[in-house]
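Colleague: Based on what follows, work out the 3D shape:
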Amino acid sequence: MFRVVTIVFILFAFSSDLFGYKEIVVDLSEQRAYAIEDGAIVFDGPISTGVRGRETPEGEYRILQKKRHHKSNLWPKPDGGAKMDYMLRLSNSGIAMHLGHVPKSGPASHGCIRLKNGFAQRMYEWARVGTYVYVEGDIEDWYVMKNSGKRGYYDEYFIVDAY
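Modeller: The predicted structure is shown next:
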């Protein structure tokens, strides 16, 4: 009996990834994405979402697919499609999170959520297929905050140092 309890304790103590609740919050107003585990922000970074007229749709999603190397079939180029490495598919209608250019000027995509180099790889490794992704906020709020110099808020989440 003692041996079984010890093994269960060791598995529980060293496998938090198996039991930790993970979610991603994409804040359109702040142009930031947050990786949240058990209610704590473990890391976050700047993003670039859809421009006016091609806004990234708000909503609750789940990661449907992860693909290290992906090419868009909606935005083809002469070489067969735009590169979307470290792709986390959120919908079958063309919305995904992926590596891409994130300008300081804000929204610049056709509707996807672009992640900076380094941040994209970290999010790709951390997230699992099935992880919930909440896209919230109003892109118009981002334009207002940019012009006022104010920073957004963290809602009910809190930050922890995960390093």
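
Colleague: Following element in sequence after the top strand by length along the chain, please.
Modeller: When the chain is parsed with DSSP state E, its longest strand is strand 40-48. Note on strand 40-48: by DSSP states H and E, the next helix or strand toward the C-terminus is strand 59-62.

Colleague: Show me what the helix or strand that comes right after that following strand is packed against.
Modeller: Using DSSP H and E, the helix or strand that follows strand 59-62 towards the C-terminus is strand 65-67. Helices and strands touching strand 65-67, by 3 or more CB pairs under 8 Å, 6 or more residues apart in numbering; DSSP states H and E, are strand 87-89. All C-beta spots, glycine's among them, are computed from the backbone N, C-alpha and C.

Colleague: helix, strand or coil for residue 69?
Modeller: Judged by DSSP: H, G, I helix; E, B strand; the rest coil, the three-state class of residue 69 is coil.

Colleague: and it, how many residues sit next to it?
Modeller: 9 (other CB atoms under 10 Å).

Colleague: same deal with residue 92?
Modeller: Number of residues near residue 92 (other CB under 10 Å) recorded here: 8.

Colleague: Please name the nearest non-neighbouring residue to it.
Modeller: Excluding its sequence neighbours, the residue lying closest to residue 92 (CB to CB, 6 or more residues apart in numbering) is residue 64, at 7.1 Å.

Colleague: In this structure the one you found contacts residue 91, no?
Modeller: Yes. Here residue 64 reaches residue 91: they are 7.4 Å apart, a contact under CB atoms under 8 Å.

Colleague: Can you list the low-confidence ranges for this protein?
Modeller: 1-19, 75-80, 139-163 (pLDDT under 70).

Colleague: quick one: the helices in it?
Modeller: With DSSP state H as the criterion, the chain has helices at 2-14, 16-19, 119-126, 139-148.

Colleague: Relative to residue 54, how far out is residue 88?
Modeller: Relative to residue 54, residue 88 is positioned 19 Å away (CB to CB, to the nearest Å).

Colleague: In terms of neighbours, single out the busier of these two.
Modeller: Counting neighbours by other CB under 10 Å for residue 88 and for residue 54 shows that residue 88 has the greater number, 26 against 13.

Colleague: ok, the more buried one touching residue 98?
Modeller: Yes. The criterion here is CB under 8 Å, and residue 88 meets it with residue 98 at 6.9 Å.

Colleague: hang on, the earlier thing: pull up the pairing partners for the longest strand of the chain, direction included.
Modeller: strand 32-37 (antiparallel), strand 113-115 (antiparallel), strand 158-159 (parallel) (DSSP bridges).
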